[in-house]
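A.B. asks: below is the sequence, then the predicted model.
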Amino acid sequence: MTDQMTPKDPVERLAALRHEFGEHGGVNMSIEASTTFTVMEAGTMPEIFQGQLGPDDGGCYLYGRHFNPTVYVLGRQLAAMEGAQAGYCTGSGLGAISSALLGLLNQGDHVVASDTLYGGTWAMLAEFFPQKCGITTTFVDVNDSEAVAAACTDRTKVIYCESLSNPTLRVTNIPELAKVAHAYGAQLMVDNTFTPLAMTPLEHGADVVVHSLTKFVNGASDFIAGAVCGTTEFIGSLMDLHVGPLMILGPTMDPQVAHSISLRVPHLPIRMIEHARRAKLFADRLDQAGVKVGYPGLSTHPDYELFKTIGRSEYGFGGLLTIDAGSRERAEALMDDLQNTEGFGFMAVSLGYFDTLMSCSASSTSSELTDEALRQAGISPGLLRMSIGFTGSAEQRWSQLERALNRVGLL
Ligand SMILES: *Cc1c(COP(=O)(O)O)cnc(C)c1O
């Protein structure tokens, strides 16, 4: 397909992908469960091994850690969604992030990263990489272009951010950040886990997009999974037999997992729209009632206009909102009530599940951050993050939320 023919909308790009039929003509693809693949002529083995005669060049697949056709299909779906040339999937989001970063960074290189990142990513950059391979990171407010530029050195190879910061839900100005990155010869890598479909960072100048598929894309909280999207050359380099992190570190996705997630991608637009519709309904009502609510779809949110400019608001403003309960004790009382009295949702980390999930970020998913880093990121101890589900009726859920807020004195 030529560039001119490539649809601009992620769901149109998904629909334009070749349909994968099952081995026996099934409407769903089959699972390629083999770890190794049969070479038909002995003489071709060396070329296949050197990657010169792959499945797209009239050769065949080689070995499952390298490349599996079922996993490849999910990679193509993610690439289509993101408008990337290529994509490949991993056993976890952190597997995708570490592989993509190590694909671009060598010993002694430098990263400029957002000061508000998923805890595991923060620990990777702040602690793991410096200790294990001498890659260092400076954390800044990535929407402060001057601070980003000031942090760049001649060893800066990557600028790293999340499309929507976790858990503070600030929107990253991707076009601006891409300009700064490219001016300093660095690549912009964006974690788009929070905003599949609603944001497509590559179209705004990002170079690499990573995902935890464990969240919205999967949607049922039953698999840990991740993906990397970028140019064909970059994804190919991650598979290199000598220095490709996907090949050498082995964060391989299982084909059974790829198959399951692949069948949920077609429902993702419908799910995202409903997550976002409910989150917006609750956020509007909470805001009107004077509760301290954070949601980028509120016109009072500092990044509302930015989201509308760079996002695709037909898929909504995301499924997450935050409530600042003022203290950790009150946030915990609210969660206890919502789960154990009202049955509104579950106290659990993670997001993108069909039911509502609630956690206190400072003492859970952001607990890797130091107290100073938490303060710098604006994550207060009473900040409750909710991933709004779509089970039950919206009015039933609102009544539950309203009663619980009343009981803990927040309404
Ligand atoms: C969950 C999450 C990750 C890590 O993904 P895993 O699949 O748990 O490895 C990375 N980034 C963000 C924004 C996440 O929410």
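C.D. replies: Here it is on my side, so go on.
A.B. asks: pull the number of nearby residues for the closest residue in space to Ser262 that isn't next to it in sequence.
C.D. replies: Sequence neighbours aside, Leu74 is the residue nearest to Ser262 in space, at 4.5 Å (criterion: Cβ to Cβ, 6 or more residues apart in numbering). Yep, even glycine has a C-beta here, placed from its N, CA and C like the rest. Other residues within reach of Leu74, judged by other Cβ atoms under 10 Å, total 28.
A.B. asks: contacting residues for Leu74?
C.D. replies: Shown here is Leu74, whose contacts under the criterion Cβ atoms under 8 Å, 6 or more residues apart in numbering are Cys89, Ala227, Met253, Ala258, Ile261, Ser262, Val265.
A.B. asks: redo the residues you listed as JSON lines? Include neighbour count, secondary structure and distance to Val158.
C.D. replies: Output for the contacts of Leu74, formatted as JSON lines (neighbours: other Cβ atoms under 10 Å; DSSP: H, G, I helix; E, B strand; the rest coil; distance: Cβ to Cβ, whole Å):
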{"residue": "Cys89", "neighbour count": "33", "secondary structure": "strand", "distance to Val158": "21"}
{"residue": "Ala227", "neighbour count": "32", "secondary structure": "strand", "distance to Val158": "18"}
{"residue": "Met253", "neighbour count": "28", "secondary structure": "coil", "distance to Val158": "23"}
{"residue": "Ala258", "neighbour count": "27", "secondary structure": "helix", "distance to Val158": "27"}
{"residue": "Ile261", "neighbour count": "26", "secondary structure": "helix", "distance to Val158": "27"}
{"residue": "Ser262", "neighbour count": "23", "secondary structure": "helix", "distance to Val158": "29"}
{"residue": "Val265", "neighbour count": "22", "secondary structure": "helix", "distance to Val158": "27"}
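A.B. asks: and the two most separated of the residues you listed?
C.D. replies: Pairwise distances across the contacts of Leu74 (Cβ to Cβ) peak at 14.0 Å, for the pair Met253 and Val265.
A.B. asks: isn't there a helix covering the residue nearest to Ser262?
C.D. replies: Yes - following the definition DSSP: H, G, I helix; E, B strand; the rest coil, Leu74 is counted among the residues of a helix.
A.B. asks: distance check, it against Asp9.
C.D. replies: Here the distance between Leu74 and Asp9 works out to 20 Å (Cβ to Cβ, to the nearest Å).
A.B. asks: enumerate the residues of this structure near the ligand.
C.D. replies: Taking Cβ under 6 Å from any ligand atom as the contact definition, the chain meets the ligand at 92-94, 118, 120-121, 162, 166, 191, 193-194, 212, 214-215, 224, 226.
A.B. asks: taking those residues one by one, which sit in helices?
C.D. replies: Judged by DSSP state H, helices contain the following of those: Gly93, Leu94, Gly120, Thr121.
A.B. asks: ok, the last one - how many residues close by?
C.D. replies: To tie it back to what came earlier, the one meant is Thr121. 23.
A.B. asks: return the residues in contact with it.
C.D. replies: Leu94, Ile97, Ala113, Tyr160, Asp191.
A.B. asks: and with 10 Å instead?
C.D. replies: The contact partners of Thr121, by Cβ atoms under 10 Å, 6 or more residues apart in numbering, come to 93-94, 97-98, 101, 113-114, 160, 162, 166, 191, 210, 212, 368.
A.B. asks: do the same with the third one
C.D. replies: Applying Cβ under 10 Å, 6+ apart to Gly120 gives the contacts Ser92, Gly93, Leu94, Ile97, Ser98, Phe128, Ser212, Thr365, Glu368.
A.B. asks: mind redoing it with 8 Å?
C.D. replies: Taking Cβ under 8 Å, 6+ apart, we find Gly120 in contact with Gly93, Leu94, Glu368.
A.B. asks: and which of the residues you listed is nearest the ligand?
C.D. replies: Gly93 (2.3 Å; Cβ to the nearest ligand atom).
A.B. asks: and the closest one, what's its pLDDT?
C.D. replies: Gly93 is assigned 98 on the pLDDT scale.
A.B. asks: what about it, neighbour count?
C.D. replies: If you count neighbours by other Cβ under 10 Å, Gly93 ends up with 23.
A.B. asks: what about the nearest residue to Thr6 once chain neighbours are set aside, neighbour count?
C.D. replies: Once its chain neighbours are removed from consideration, Thr6 has its nearest residue in Arg13; the separation is 6.6 Å (Cβ to Cβ, 6+ apart). When counting by other Cβ under 10 Å, one arrives at 20 neighbours for Arg13.
A.B. asks: ok, Arg13 - contacts?
C.D. replies: Counting by Cβ under 8 Å, 6+ apart, Arg13 makes contact with Thr6, Pro7, Ala80, Met81, Gly83.
A.B. asks: would you map the strands across this structure?
C.D. replies: Counting by DSSP state E, the chain has strands at residues 86-90, 110-114, 136-140, 156-162, 187-191, 208-212, 226-230, 293-294, 320-324, 345-347, 356-360, 383-387.
A.B. asks: paired strands for the second one, with orientation please.
C.D. replies: Take DSSP bridges as the rule and strand 110-114 pairs in its sheet with strand 136-140 (parallel), strand 156-162 (parallel).
A.B. asks: reformat those strands as JSON lines; add mean neighbour count and mean pLDDT.
C.D. replies: Shown next, in JSON lines, are those (neighbours: other Cβ atoms under 10 Å; pLDDT from 0 to 100):
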{"stretch": "strand 136-140", "mean neighbour count": "20", "mean pLDDT": "97"}
{"stretch": "strand 156-162", "mean neighbour count": "25", "mean pLDDT": "98"}
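A.B. asks: rewinding a little: distance of the residue nearest to Thr6 from the ligand?
C.D. replies: Separation of Arg13 from the ligand (Cβ to the nearest ligand atom, to the nearest Å) stands at 23 Å.
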